[in-house]
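Peer 1: All I have is the shape, not the residue letters:
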Ligand SMILES: Cc1ncc(C[n+]2csc(CCOP(=O)(O)OP(=O)(O)O)c2C)c(N)n1
Ligand SMILES: Cc1ncc(C[n+]2csc(CCOP(=O)(O)OP(=O)(O)O)c2C)c(N)n1
Ligand SMILES: [Mg+2]
Ligand SMILES: [Mg+2]
């Protein structure tokens, strides 16, 4: 039986069901207990499962991640939360030097199946330190898997898949989608495979590669342009590492034109990597430049409304990109 | 008067001359004092300038960087050293959340002119934690400048430019070049502008974009192929952030073919960004796929010789790339 | 500037005879000013005058900042965190800029870039804070290192909460300060909670001043709601720092009356705990003492509050009338 | 496995009558084994038998590891760092694997991936270390949290140097262990130097055990060159941890005889300092005591050293004859 849930509701449900199903699973982080999380993602779980399984930690992201790594090494399945992606930096050492390399450096002797939930992205009034996205750093580090759902269905399915995955997974949640996205979610148990993109909309004229909060924006732009007879195919990457090259390549080979849309900064964002893969492996199929419609190369999203607005990619920008590419 | 110096010798000379010229300058880091640095980059400076100006710090990279940031805010010109790029992760929070964003978040009210020397790259027997390169993370963070010299001349000139730059600069030194590279270096004072690439070799048939330890490798491959009548142009990026788009674009517009060579991992390395820039801005000029010849997508350089050898890009691989592209 | 004149007026007398009437009245004035400004900020937030974001009220904690910052010189540095908007007021930042900050207007010191409560002011050496907890301790310690190297007698006062003492940056900052006996005063506002996390889940200690033992410099715990007690401890610490004797960690035991932020209902706290602490209000408590000593009268109090009200109204008008920055500023101040 | 049999033999007697002859002889045997293996490793390095890289000799510090690790159970965890190759030997890893590690051969536990001295051994719960200083304290503390949650009576012993106590990770690990009274023993090998950096530039403290005050659990300083003293302190700490009473920080005052690594001439140290410490050799000192007590005889000593020499030679042969891993392994074990 499926019914509609919000994106954040799907996350809370997935956490609750997995805590129920597998007693090796436990959550740890700042303010995930009685307060239920800054955005309510863990609401009700502390009451139901107790402090042992929904643990409020000291304010120390490095300790949160290393506590998860170590306890996963004795057979537990920790799900640490990083309250804001902006505050993952104190834990980068633990994530990249420890988690990402533990299996490799021990030739498979040790591994750390942890799922790091990271709340990211720009939203009303987040400002410089409550709006960041840093998926790019972690995509550069093999040993880690990186995902970001765009729908409530994927939010639940990817989270369950991540917790059951034998490797460390960074599960990025876009805070702007928490309550703005609502779709059908099965009540029961299911997973969305890590490493598989989803074609959200078929189209013959061009391909839009996107993920996270830019999926609804791209879908709307594609819908608008469809009225003008331009059919854009929208691919929701869902997993950023490892990238689903097959889906990306087959879509672009079909449409022969491609644009990449992301909220993250342009320089060294995933758009560059995708563009390079296409130039290497689908050069002959390309009938136009590969466009990138992205956030600006500024340090972070400033708080004051005019600057925040100037950051976030809007439907109009995507529409303009489609028009430019279609006309090419 | 110029004479030949090693790459590391040029670094030591630049540090000594700048300490002499500007008493706001001071060095801080682990083992930079009496021991003269793990590779000898600061040899003799402690004896000459004393502990006040060549300060051995506690083993705490975050403290090294924040001590530099803070003291630069009162008018000093600190040059912190990160002994190995592998150990910059504990300082990523200070570099990215503090240094990169200080000017932006204070609307220019504060700034931090620091030059972070980072020893990076694979070399004989470095292994998983003494061979890393993580330039990619910092290139994603506007507010920072990122450079990596490939010659002794640039090592001195870029270092002097970095120390005098009003913004935080990450100065990456490739340890494999320390003593393997030797070229003419003026004895006097000069700077190499940050943000300008150098064409190391002119050629009509294709462009090789590279930097750091892959410059000599690419030059040798280009030389070998020149005997077979293929003329590759070799561009040494020198500055990775901000990238010198003009030099890159004009070279590729001339040759209409491009390959990118770097030691860093392929995925999310600078090769992707460069490829994307070309696809966006020089699509019409491209007569072939943009190739990337890079390190593998493995977590880090394993210690045992066969795996280390398998990581580092060699002349043969670059030659093969040139042949493939030339034949295209 | 307030901080300058404060100094001119206060210092000599302090040396002579401790808590002069003048000092006590200026402490009272400042406590009242912080309280009224903070409560005003909360009202404005609820009225949606802010451009969204959030506000971290320090009501209940005023004495920790007033007692430690009131005698600072203009050239002394302050490293504030998210709950230290009022530190700007005490250091002497014109009130209009403090309210422009709340409104994120182009007239705020950072042209609206940081969130409302994360305020700094370069002209008075108040470091514009990042939100990253404890980051200001690291940067502030670096400033102290620089000041020492320059041979100045300037000091740094860094503010933070109990929660900040758990993170690695805290340790690295205080350890370095201990090694070089840096001119810095670490003021921990221990309000028993890090957002919703109680002290028992943050540390095995009850007195966070104990953390100083690990760094080889003095740690003092003080009643953070007793402004004179805080003032005295601060004077000793500041004197130590100025004379090159090194850092001090001051733990102020205090409490925030309201939620972690204005959007936090704070259901995780017991009513009884909140009520008990409200009885220990640092402002009323000091006011009562001044009335008893006849240092304060109803007339004088009215004069003080009227003056502050007038100042606040002017500042709010300034903020209201100020424009937002232009979107074209997006790419300004990334690099020099 | 050695550690198992150690336990079977020792534990009962320890409880009965302190340092049984058997215990003292096995401590001696292990001190000698660590010393001889370490010196052998240094010779092999100088003979370029290693595939490059480096080696961090622990000669002079043997008692800190022997005294703390000898009585561990096979299921107890050890979190070593760069100078703890011999911890593997004490925990009972077959010597051939320890030398295969130095040679970076395919027969080493990590198939040659980590550098020679960074050794772990999954079957005996010895965590393969990263080079990142203090990282093992964080991961080891996480293991302790997991063990507590699972209700096991297993403990974790984490090794590190004086330098590691300056970095933020140290603070975060010990603070968390204090909050949850985790079953972990932090063994600080204070050898007065972090590579070339003297203690005075690392910390304002002289006794690093003082750091424990900040975390609310016991900190003990012990003569790290007195194996029985270290053993006794360790027994108390291990018992505390096993019975759920929580962590202990043990500072072992000791000294490394040689450079930070085999390529470090260590000119930054005074000859006098080195010579003074060599006089305090933990192996000779204990040997002398055993001879005096007649617990040890020349014959017995010869038996012990001959046995170790034989073992070492076998292990070296094994390492020499082992193949390097194949280049095709490059992309193995990145993900499951
Ligand atoms: C590194 C980091 N992690 C998490 C946060 C989110 N956060 C902001 S304030 C806060 C609690 C701070 O508690 P405390 O230090 O006691 O200060 P208080 O709010 O009580 O004044 C948290 C978790 C942050 N800003 N920075
Ligand atoms: C985070 C980090 N920074 C720097 C280094 C380089 N390094 C390796 S060992 C060492 C000194 C360690 O000193 P100490 O902790 O006292 O251990 P010891 O070598 O004396 O046994 C340094 C600086 C590292 N491995 N990790
Ligand atoms: Mg608090
Ligand atoms: Mg040491």
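Peer 2: Received it, and whenever you're ready, just let me know what you need. Just so it is clear, the model here is predicted, and its values are computed rather than measured. Ligands and ions are numbered 1, 2, ... in the order given.

Peer 1: pull the longest strand from chain A.
Peer 2: Ranked by number of residues, the top strand in chain A under DSSP state E is strand A:258-265.

Peer 1: quick one: is it near chain C?
Peer 2: No - using CB under 8 Å from any CB of the partner chain, strand A:258-265 stays clear of chain C, with a minimum separation of 11.2 Å. Where C-beta positions appear, they are placed from N, C-alpha and C, glycine not excepted.

Peer 1: Ok, stretch A:4-14 next?
Peer 2: No - Stretch A:4-14 stays clear of chain C (CB under 8 Å from any CB), getting no nearer than 15.7 Å.

Peer 1: neighbouring contacts of that stretch?
Peer 2: Residues outside stretch A:4-14 that contact it (CB atoms under 8 Å, 6 or more residues apart in numbering or on different chains) are A:39-45, A:117, A:149, A:151-153, A:155-157, A:159-160, A:163, A:173-174, A:177-185.

Peer 1: related to what we said a few turns ago, strand partners (parallel or antiparallel) of the longest strand of chain A?
Peer 2: Applying DSSP bridges to the sheet, strand A:258-265 is found paired with strand A:206-210 (parallel), strand A:291-295 (parallel).

Peer 1: out of those, deepest packed?
Peer 2: For the strands paired with strand A:258-265, the largest average neighbour count (mean count of other CB atoms under 10 Å in any protein chain shown) is found in strand A:206-210, namely a mean of 29.

Peer 1: and that one, how far out from the chain's middle?
Peer 2: Mean C-alpha position of strand A:206-210 versus that of the full chain (CA atoms, centre = their mean, to the nearest Å) differs by 17 Å.

Peer 1: show me the residues around the residue of chain A found nearest ligand 2 that make contact.
Peer 2: The minimum distance from chain A to ligand 2, using CB to the nearest ligand atom, falls at residue A:93 (7.7 Å). Shown in contact with residue A:93 (CB under 8 Å, 6+ apart): A:62, B:89-90, B:92, D:132, D:135, D:169.

Peer 1: Distance check, the closest residue to residue C:190 other than its chain neighbours against ligand 3.
Peer 2: Distances taken as CB to CB, 6 or more residues apart in numbering or on different chains place residue C:162 nearest to residue C:190, at 4.3 Å, with adjacent residues excluded. Distance from residue C:162 to ligand 3, counting by CB to the ion, to the nearest Å: 4 Å.

Peer 1: Residue C:162 reaches residue C:200, doesn't it?
Peer 2: No - if you go by CB atoms under 8 Å, residue C:162 and residue C:200 don't touch, sitting 11.3 Å apart.

Peer 1: Which one of the two is surrounded by more residues?
Peer 2: residue C:162 (25 against 10; other CB atoms under 10 Å in any protein chain shown).

Peer 1: re earlier: would you format the strands paired with strand A:258-265 as CSV with mean pLDDT included?
Peer 2: Formatted as CSV, those follow (pLDDT from 0 to 100):
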stretch, mean pLDDT
strand A:206-210, 98
strand A:291-295, 98
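
Peer 1: Make CSV from those strands and add distance to residue C:95 to it.
Peer 2: Below are the strands paired with strand A:258-265 laid out as CSV (distance: least, CB to CB, whole Å):
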stretch, distance to residue C:95
strand A:206-210, 46
strand A:291-295, 35
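
Peer 1: Where do the strands of chain C begin and end?
Peer 2: Taking DSSP E as the test, the strands found in chain C are C:77-79, C:156-161, C:184-190, C:193-194, C:197-198, C:219-223, C:248-253.

Peer 1: Chain D contacts on the stretch 101-250 of chain A?
Peer 2: Counting by CB under 8 Å from any CB, the stretch 101-250 of chain A comes close to chain D at A:101-111, A:142-143, A:145, A:165-167.

Peer 1: Mind checking which of those are buried?
Peer 2: Listed as buried from these are A:101-107, A:109-111, A:142-143, A:145, A:165, A:167; burial here means 16 or more other CB atoms under 10 Å in any protein chain shown.
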